[in-house]
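Asker: Take this sequence and fold it.
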Amino acid sequence: MNYLVMDVGGSAIKYALMNDSLEMIEKSSVKTPMDSLDSFKNVVKDIYEKYKDEVDGIAMSLPGLINKQTNKMQIPGKLEYNLGVDILKELKSVTTDRFTIENDAKCAALCEVIYGSLKGTSVGAVCIIGSGIGGGITLGDNVLSGSHGFAGEFSYLSTKWKDYEGFNSKWCVENAAFNLIEMIAKELGITKEELDGPQAFKYCNEGNQKALKALSEYCDILAMGLWNIQATVDPDKIAIGGGISQQPILIEYINKSLDKFYSKMPIPIPRVNIVNCKYFNDSNLIGALANYKKIYG
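Answerer: Next up, the predicted model:
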């Protein structure tokens, strides 16, 4: 059986013709339309038209929060035209009734618990570090959605309990991937425009002490968020994803930060296991297909 699987991002829609063995028979991408819902629907329809005679249906990974009670998009992410829209109904109207949509980070979590680093865990969590902190909590081989679909929205966790002002002290602001680049640039005495992710980690991997100081401070904040997740759901493992997670030194420094926290506790706290996500750039596609198969068998 073949399926059309889509991963919608803020800049591109990645799509693939996939089979039950997770093979990507064909894979491509198109620019994500940012102007209107109609443009978005037309792009999805055009992709579907290429494969409609070959596929069982469409599985989509989409940024934002679809309220499970209203079926309407409550938090649209960058696709602001989706706000208040029953996006599944809209997309079905121009494609097929066999269509599923799940939040992108929850797709990543589903991918990891069924096929990846969290397979076999009773409780797990995924943290995707990007422009915010995407995530998901897994129970068995399911992802916890909560009563509205808001469970696992780690971006909204507070880092300062007494600061109520919008996003000022939310985890997505403190630990977005670009924050690390800015912190390293500041330590090096250069502007953030002069540094990109690969170069920043090159300094870290070469042992530059200023870059490592910034990485340590960044991971202290990141580890505190992971500590709070552990205290909330006590996962067997927390899998770290996102582009920067492919740098082994990041996981190394997260564990160093956690070691400091554990060592200062006057009572023994169970040690959480931090691992990489197994599937990096393809996790949303694979998770979207896993979600489709859960719904349609």
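Asker: what's the average pLDDT for stretch 215-229?
Answerer: Confidence over stretch 215-229 (mean pLDDT, whole number) is 95.
Asker: Tell me which other helices or strands the helix or strand where residue 125 lies touches.
Answerer: Residue 125 belongs to strand 123-129 when elements are defined using DSSP states H and E. Contact here means 3 or more C-beta pairs under 8 Å, 6 or more residues apart in numbering; DSSP states H and E; on that basis strand 123-129 packs against helix 104-114, strand 133-139, helix 209-233, strand 237-241. Just so you know, the C-beta spots here come from the backbone N, C-alpha and C atoms, and that holds for glycine as well.
Asker: what angle separates that strand from strand 133-139?
Answerer: 170 degrees (axes from the mean of the first three to the mean of the last three C-alpha atoms, to 10 degrees).
Asker: Tell me which residues are up against strand 123-129.
Answerer: Under the contact criterion C-beta atoms under 8 Å, 6 or more residues apart in numbering, strand 123-129 has outside partners 104-105, 108-109, 112-113, 118, 133-139, 152, 154, 175-177, 222, 225-226, 229, 233-245, 277.
Asker: Neighbouring strands - and their directions - for it?
Answerer: Strand pairing for strand 123-129, using DSSP bridges, gives strand 133-139 (antiparallel), strand 237-241 (parallel).
Asker: Which element is encountered next along the chain beyond the last one?
Answerer: The one in question is strand 237-241. Defined by DSSP H and E, the subsequent element after strand 237-241 is helix 248-264.
Asker: Can you tell me what sits against that following helix?
Answerer: Helix 248-264 is contacted by residues 201, 204-205, 212, 215-216, 219-220, 222-224, 226-227, 240, 244-245, 269, 271-272, 274-276 when judged by C-beta under 8 Å, 6+ apart.
Asker: circling back: just the buried subset of the contacts of strand 123-129, please.
Answerer: When burial is judged by neighbour count using 16 or more other C-beta atoms under 10 Å, the buried members of those are 104-105, 108-109, 112-113, 118, 133-138, 152, 154, 175-177, 222, 225-226, 229, 233, 235-242, 244-245, 277.
Asker: Surely residue 274 is within a helix?
Answerer: No - applying DSSP: H, G, I helix; E, B strand; the rest coil, one finds residue 274 to be strand, outside a helix.
Asker: you'd agree it is up against residue 241?
Answerer: No - no contact is recorded between residue 274 and residue 241 when judged using C-beta atoms under 8 Å, the distance being 11.8 Å.
Asker: would you list every one of the helices in the stretch 1-150 of the chain?
Answerer: The residue ranges that make up the helices of the stretch 1-150 of the chain, judged by DSSP state H, counting those that start in this stretch, are 37-51, 87-92, 104-114.
Asker: Looking at the ones you listed, which one is packed in the most?
Answerer: When these are scored by mean count of other C-beta atoms under 10 Å, the highest mean neighbour count falls to helix 104-114 (a mean of 29).
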